[in-house]
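**Student:** dropping the sequence and predicted coords here.
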Protein chains: 4
Amino acid sequence: MDRIITVIAEEIELKDPVLIEGLPGVGNVGKLAAEHMLEQLGGHKIADIYSKHFPPQVIIDDDGVAELVSNQLHVVTGKGDRDIVFLTGEYQGLTPEGQYDLSDHILEIANEWGVTRIFTLGGYGVGKMVETPRVLGAATSIELVEEMKNHGVEFSKGEPGSGIVGASGLLLGIGKLKCMEAVCLMGETSGYFVDPKGAEALVKVLSDFLGLEIDNSDLEEKAEQIDLITSKLKEMEGSQEPKREDLGYIG
Amino acid sequence: MDRIITVIAEEIELKDPVLIEGLPGVGNVGKLAAEHMLEQLGGHKIADIYSKHFPPQVIIDDDGVAELVSNQLHVVTGKGDRDIVFLTGEYQGLTPEGQYDLSDHILEIANEWGVTRIFTLGGYGVGKMVETPRVLGAATSIELVEEMKNHGVEFSKGEPGSGIVGASGLLLGIGKLKCMEAVCLMGETSGYFVDPKGAEALVKVLSDFLGLEIDNSDLEEKAEQIDLITSKLKEMEGSQEPKREDLGYIG
Amino acid sequence: MDRIITVIAEEIELKDPVLIEGLPGVGNVGKLAAEHMLEQLGGHKIADIYSKHFPPQVIIDDDGVAELVSNQLHVVTGKGDRDIVFLTGEYQGLTPEGQYDLSDHILEIANEWGVTRIFTLGGYGVGKMVETPRVLGAATSIELVEEMKNHGVEFSKGEPGSGIVGASGLLLGIGKLKCMEAVCLMGETSGYFVDPKGAEALVKVLSDFLGLEIDNSDLEEKAEQIDLITSKLKEMEGSQEPKREDLGYIG
Amino acid sequence: MDRIITVIAEEIELKDPVLIEGLPGVGNVGKLAAEHMLEQLGGHKIADIYSKHFPPQVIIDDDGVAELVSNQLHVVTGKGDRDIVFLTGEYQGLTPEGQYDLSDHILEIANEWGVTRIFTLGGYGVGKMVETPRVLGAATSIELVEEMKNHGVEFSKGEPGSGIVGASGLLLGIGKLKCMEAVCLMGETSGYFVDPKGAEALVKVLSDFLGLEIDNSDLEEKAEQIDLITSKLKEMEGSQEPKREDLGYIG
């Protein structure tokens, strides 16, 4: 069995496609943003990626049907000037080598499908509640940095100081070695819970870039619910900052 | 040395065979059920599977003869409409990659031997004593789900929520990629000790499916012994639930 | 770089050779016995085995010269009816897969050199002081078990219950798959410290088997020193059993 | 994707080159020394080494441009009788096997570039403050040991007792197998913080060997700052030895 097996459902022809990665990470900000866009834009699944680098596990759907854990590629076509490929899933590779293999594999597919721009989405955990989250960026070239500044992305010296770990980082790093253009967008988040506010900030940048209107009312509603809970908790405790354990159950 | 070495004792011709996996897991319910059926039906060993994915260890039999740790394939023939292959052993693969490799390897053998249906057996740990254990299921298709409902298997939305980990899950997940039909049967169990009651529930489902009569008095006896101990412990402690440590020695 | 590199110093022709493995393990009993025999019989080094499965480390000799960590093969020739190959070293493979690879590699060399009998040496930790250590055994066949009984080896049902882990086990287990005859000899030991008494017991069995006289006064002296210390500790503490921490420094 | 990818910026012709390794380690003494020499001698980067054995991570420069984590090779030419290749970086391989692979790979490049002498730099942690750090050594041959004594390197029996772990050790150990001459220089250090005093001692030995004058005022300044802090801490606490936690923030 190969280390990575990609099962492609149908041959596709894409128009100047963009790849958007939204795998699990800090505050699941990137995952939430990608899944929200996918739902709003009405994409359909084109490929499943299975791998020995994922946990040895099946998940079971509501009917009782089991499916090997995987990452998925969905495509959105005909919604703007450029088609979009979304990379989503419940897991990233379990080991450093697995992470490298999977990112390299995704880039090979992206290359084949003619992807000319990659966006990786993540959260930037700041350890405290954020009223208006910034979108921080990193990119494979100084030209891309300048371009993304026009879409409201901040590039802040020393942030994030520890670099970017996982698929969101590797797709840039390995992509650069393959001469591919890639940008990482990081929505500011406390990092304490799944954060729709940080995700909304990412979606706004991407909508602007892609020239698409995306309804964010779902994310806003979820964000309001969380604001409500956190302000109630503040009252109850008379404290300034809700504690991690209070919010841990919000998923 | 290859990662997996299968030593097959003899060529066999099997009639519409079913593969039943019973490796160690939660409450060892699956292992117990498979070994009980194998004993009652009188199977004989046809293959040993050795692997670098198992612990670097030999076991020693009562005569002092050492044997590399392995999984075993036994066959039961001429006992019903379909022959049966049992997969048993003391270990599963030590790493995620090892688990994938081993399950893939088993499926290759199953394919070669003409296996048309796979049952993987496991326990579903509920963390409390169970009077009458249910048998929960998961399968590779909705048709199989419907079929197994007729044999008393329950398919319950959200159970098990975390999916199925290890060989019992992978044989379904990878099997599905190979277009093989597979069902996982999970006997409800406290998960506190080796649980013959959960195993008996599995054996009943399989007996019904295979149209075989299997004497379960051994399992019932063991279950009664455990019931006796647990009720005595309840009396002694005046508590509702026996503690894990009290039952830990029961093997 | 290959996973295992063996540098052989010279071509050799061996007479009906026996391989004796004495790598680190419980109480370092096997290592001590093999190194003692090697010293008494005056062997010379014939090969170094380097491997990525060992720690990424060099050791430094008294002159300041560095050497990659390795296992060594020494040979003793012309001392009896059969020549002897000793496998010694400071490390075993770091991972299960490394252990399998290394044992398989050693067996390939042994096969090439015409080795017809393998002895692996280890300790059998019993967790208390042992006055007269037994030598327990395990072997690749019932015939070998019977043969070794004639040399004072005990084969005791259920001992060791957990099987044999590491090179001492794998050389038997993988050896058996290659149709090689192998015996594991385990000197009883408390397991609390490097144990020359357990090692002496092993050397006596091997001397008897090989028809060689080996001076054990070195081992006896070391054993007496330890006996002295342990009995003093008993007096001082008025206790029956010296505690592990009291003897931990004896190396 | 290969396990190691080296991107070489330009073809170079080197004069009797020396390789100096300064990767992270005890007290970062080796890294500090190599980076200081590189800065003072004005080297330029000639190659990046990327690898699956490094963390799955990108680092971000001050402009917001991301770069896959890597090791770097810089060269210094025309500054003395011999050209110098420096190996530096933020990481060593994450696993033992990764360490072996990377060191072997570096040696292959060094061989191709005609490197005839390797120096690996490290710290020798002694667990207490050191007024005048010694430079301890280890080498691939007794001739090299003698030669290095003439440059002020001490070879002290039993130091370091545990050998040398990581790239600083493996470049010697694997280098020796490839018949390459290599010396490890270890600057004595408390090991409590990044130690410019230990680094300075290394630079002096290398300056002497290479016949180069290197300005160490930077390192001396940093060392003085640390001396100042540690003596203040001593006063404040009235203690002989500053505690690790007091100095931990000095980087």
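**Tutor:** Yes, it's here. Keep in mind that this is a model prediction, so the values were computed, not measured. Numbers count the residues shown, from 1 in each chain, chains lettered A, B, ... in the order given.
**Student:** which stretches in the stretch 51-200 of chain A count as helices?
**Tutor:** In the stretch 51-200 of chain A, helices defined by DSSP state H, counting those that start in this stretch lie at A:96-112, A:142-149, A:167-177, A:196-210, listed in chain order.
**Student:** so is the longest one next to chain B?
**Tutor:** In other words, helix A:96-112. No - residues of helix A:96-112 are not located near chain B by Cβ under 8 Å from any Cβ of the partner chain, the shortest gap being 8.5 Å. Where C-beta positions appear, they are placed from N, C-alpha and C, glycine not excepted.
**Student:** quick one: mean pLDDT for that helix?
**Tutor:** Averaged across helix A:96-112, pLDDT comes to 98.
**Student:** so what does it touch, helix or strand wise?
**Tutor:** For helix A:96-112, the elements it packs on are strand A:4-8, strand A:18-21, strand A:44-51, helix A:167-177, judged by 3 or more Cβ pairs under 8 Å, 6 or more residues apart in numbering or on different chains; DSSP states H and E.
**Student:** average pLDDT across stretch A:11-21?
**Tutor:** For stretch A:11-21, mean pLDDT rounds to 96.
**Student:** one step back: the helices and strands packed on helix A:96-112 into CSV, with extra columns for mean neighbour count and distance to chain C?
**Tutor:** Converted to CSV, those look like this (neighbours: other Cβ atoms under 10 Å in any protein chain shown; distance: least, Cβ to the nearest Cβ, whole Å):
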stretch, mean neighbour count, distance to chain C
strand A:4-8, 15, 20
strand A:18-21, 25, 32
strand A:44-51, 19, 19
helix A:167-177, 26, 23
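**Student:** out of those, nearest to residue C:217?
**Tutor:** strand A:44-51 (60.4 Å; Cβ to Cβ).
**Student:** ok, and what's touching that closest one?
**Tutor:** Contact partners of strand A:44-51, identified using Cβ atoms under 8 Å, 6 or more residues apart in numbering or on different chains, comprise A:3-10, A:12, A:68-75, A:85, A:89, A:93, A:98, A:101-102, A:105-106, A:109, B:173, B:177.
**Student:** export stretch A:221-238 to CSV, keeping only CA atoms.
**Tutor:** Extracted in CSV, the C-alpha atoms of stretch A:221-238 (Å, rounded to 0.1, in the frame of the first residue of the first chain):
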residue,chain,number,x,y,z
GLU,A,221,-24.2,34.2,14.5
LYS,A,222,-21.8,31.7,16.0
ALA,A,223,-19.4,34.5,17.0
GLU,A,224,-22.3,36.4,18.7
GLN,A,225,-23.2,33.2,20.7
ILE,A,226,-19.6,32.9,21.9
ASP,A,227,-19.5,36.6,22.7
LEU,A,228,-22.7,36.2,24.8
ILE,A,229,-21.2,33.2,26.7
THR,A,230,-17.9,34.9,27.3
SER,A,231,-19.6,38.2,28.6
LYS,A,232,-21.9,36.1,30.8
LEU,A,233,-18.9,34.3,32.2
LYS,A,234,-17.1,37.6,32.8
GLU,A,235,-20.1,38.9,34.8
MET,A,236,-20.4,35.7,36.8
GLU,A,237,-16.8,35.6,37.7
GLY,A,238,-16.2,39.3,37.8
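**Student:** residue A:86 and chain D, how far apart?
**Tutor:** With distances taken as Cβ to the nearest Cβ, to the nearest Å, residue A:86 is found 21 Å from chain D.
**Student:** again, but for residue A:146
**Tutor:** For residue A:146, the distance to chain D under the criterion Cβ to the nearest Cβ works out to 9 Å.
**Student:** try residue A:69
**Tutor:** Distance from residue A:69 to chain D, by Cβ to the nearest Cβ: 19 Å.
**Student:** what's near enough to touch that residue?
**Tutor:** Contacts of residue A:69 were listed using Cβ under 8 Å, 6+ apart, and they are A:50, A:54-55, A:57-59, A:89-91, B:163, B:173.
**Student:** switch to 6 Å and redo it
**Tutor:** Neighbouring residues of residue A:69 by Cβ atoms under 6 Å, 6 or more residues apart in numbering or on different chains: A:54-55, A:57, A:91.
**Student:** close to chain D: what parts of chain A are there?
**Tutor:** When proximity is defined as Cβ under 6 Å from any Cβ of the partner chain, chain A approaches chain D at A:96-97, A:99-100, A:104, A:138, A:142, A:145, A:155, A:157, A:163-165, A:169-170, A:172-173.
**Student:** buried ones only from those residues, please, as a ChimeraX command.
**Tutor:** In ChimeraX syntax, the buried subset of these is picked out as below (16 or more other Cβ atoms under 10 Å in any protein chain shown):
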select /A:96,97,99,100,104,138,145,155,163,164,165,169,170,172,173
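**Student:** show me the beta-bridge partners of the closest residue to residue A:29 other than its chain neighbours.
**Tutor:** Setting aside the residues directly before and after it, residue A:29 is nearest to residue A:123 in space (Cβ to Cβ, 6 or more residues apart in numbering or on different chains), at 3.4 Å. Beta bridges link residue A:123 to residue A:187 when assigned by DSSP bridges.
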